[in-house]
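Chemist: Could you work out the structure for the sequence below:
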Amino acid sequence: MSNDATTAYRALSALVTPVDAKITIRKDETRPYIGLEHIRSRGAHLADWALASTSISTNAIFRAGDVLFGKLRPNLRKCVVAPFDGYCSTDILVLRANEFTDPSFAGKVLRSELVGTAAEMTSVGTKMPRTSWKHLSALEVFCPSLREQSKIAYVLDTLDTAIHENEAIIAKLMAVKQGLLHDLLTRGIDANGELRPPQAEAPDLYKSSPLGWIPTAWEVLPLGDLAESLVDGPFGSNLKTAHYVENPGVRVVRLQNILSGEYNDSERAFISDKHAASLSRNRVVGGDVLIASLGDAGYPVGRSCCYPTTLPDAVNKADCFRFRANSRCRNQFVMLSMNGSTARVQIRRYEQGVTMKRINLGNLRRIDIALPAIAEQDIVIERMEAIRLQIEVAQLEYQKLQNEKSGLMDDLLTGRVRVTPLLIEDEQQEGDV
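Modeler: Here you go, the predicted structure:
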């Protein structure tokens, strides 16, 4: 790509130089060590780091400000500017900014779509593809003056900081949500609308039960006794992948749709109206509780969500249970209870299978639920919905910032949009001073 009067493109090697220093023995075991697992995919900050004593193999040596670029499985887009001196995996390229290159700007360029795509296209290997500096060094990238580089880096760093802070807010809200769920399902809400004090502080407010201490007015009932209906999916041959049709049709609720407390609508399958009519026992309507009969790493057996009221009626597949509450309880309260720690402990007792854990319908019916009066259930649901909405707002803001960053990176790191007006403004402010 050629230069013109307004845009300077240079080989990536003009911005950074690889650092080949390695160490195997006599490491300072107290220094930080960074592996690929410590670098976020498409992130700007480290997820974590370890001590050098945890790595017994040869390491690369880096210093603060170096760009650490993951050459193994480059599709994961792992690249970060080192915030300190340390050691790293040899599956990471250590790239040091050249003279007249801003280190932060170099990091942005190496995280750009242009470089990421080039790294993927030049990677070698099937199971564990790797790229190399040899294949990337000649790639031409936008390289303006040092002053413009610094301004671009500042703009993008500001966004990265906002994204990082937003991630922290989401993580904090998620922790609050989990803690609040536990408290609401074990202590509940008193007549004043407050969480009851813990049993140790107010023993007279609690009674012993098969689930431990619960408020005196609560009951413990098996899930089966709370169901107007509780059904498993149709027999396998009655609903197979071969039955799926293109939309329009009737939705099929599958295992991948069920997250803990959230319905994943990105995975969709449909069957014909005629076929759905033959599966009336498995009809799912808005508000029904969906319970996963299978689990694997990160997705526990028994995780539950409510089918959204905004979606049309559906049918549940064989690996999903459908629960519909009777007059004793609310669907949403049962869903929250199934995602709580007390239910999870019980489910683990009934799990079967080795590679894929599962629970059958008979055992699911035996799961005990600590049940307050309907009015208190409604308050619990309201409190959990409030924190869910806070998380949703924070996640929307996070996605907005990510989209803004993606657009700005594409504009600023290609020279399509210049920061010249900001530089002129800086000069004017300096002149005023």
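Chemist: And the strands in the stretch 201-350 of the chain, which stretches?
Modeler: Assigned by DSSP state E, counting those that start in this stretch, the stretch 201-350 of the chain shows strands spanning 206-209, 212-215, 219-222, 227-231, 250-253, 258-259, 262-263, 270-271, 283-284, 289-292, 294-295, 304-306, 314-316, 320-325.
Chemist: neighbours of Ala171, just the number please.
Modeler: Ala171 has 11 neighbours, counted by other CB atoms under 10 Å. Heads up, the C-betas are built off the backbone N, CA and C, glycines and all.
Chemist: helix or strand for it, which one?
Modeler: helix 146-186 (DSSP states H and E).
Chemist: Can you name every helix or strand that that helix contacts?
Modeler: Helix 146-186 is packed against helix 103-110, strand 212-215, helix 331-338, helix 341-350, helix 374-412, helix 420-432, with contacts defined by 3 or more CB pairs under 8 Å, 6 or more residues apart in numbering; DSSP states H and E.
Chemist: Go ahead and measure how far that helix is from the middle of the chain.
Modeler: Its chain's C-alpha centre lies 13 Å from the corresponding centre of helix 146-186 when counted by CA atoms, centre = their mean, to the nearest Å.
Chemist: hang on, the earlier thing: mind checking the helices and strands packed on helix 146-186 for the one nearest to Arg281?
Modeler: Nearest to Arg281, of all these, is helix 331-338, at 18.2 Å by CB to CB.
Chemist: Just the angle for that closest one relative to strand 227-231, thanks.
Modeler: 60 degrees (axes from the mean of the first three to the mean of the last three CA atoms, to 10 degrees).
Chemist: Centre of the chain to helix 331-338, how far?
Modeler: 23 Å.
Chemist: who touches it?
Modeler: Residues outside helix 331-338 that contact it (CB atoms under 8 Å, 6 or more residues apart in numbering): 181, 184-185, 223, 226, 261, 287-289, 291, 302-306, 323-325, 343, 367, 369-371, 377, 380-381, 384.
Chemist: same question, stretch 259-268
Modeler: 247, 251, 254, 256-258, 290, 299-300, 303-308, 311, 335-336, 339, 388.
Chemist: Kindly write the ChimeraX command that selects the buried subset of these.
Modeler: Here is the ChimeraX selection string for the buried members of the contacts of stretch 259-268, based on 16 or more other CB atoms under 10 Å:
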select :251,254,257,258,290,300,303,304,305,306,307,335,336,339
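Chemist: ends of stretch 10-28, how far apart?
Modeler: 38 Å (CA to CA, to the nearest Å).
Chemist: what's it in contact with?
Modeler: Residues outside stretch 10-28 that contact it (CB under 8 Å, 6+ apart) are 52-53, 57-62, 66-67, 87, 90, 93-98, 101, 105-106, 109-110, 115, 133, 136-141, 143.
Chemist: tell me the mean pLDDT over it?
Modeler: Stretch 10-28 comes out with an average pLDDT of 94.
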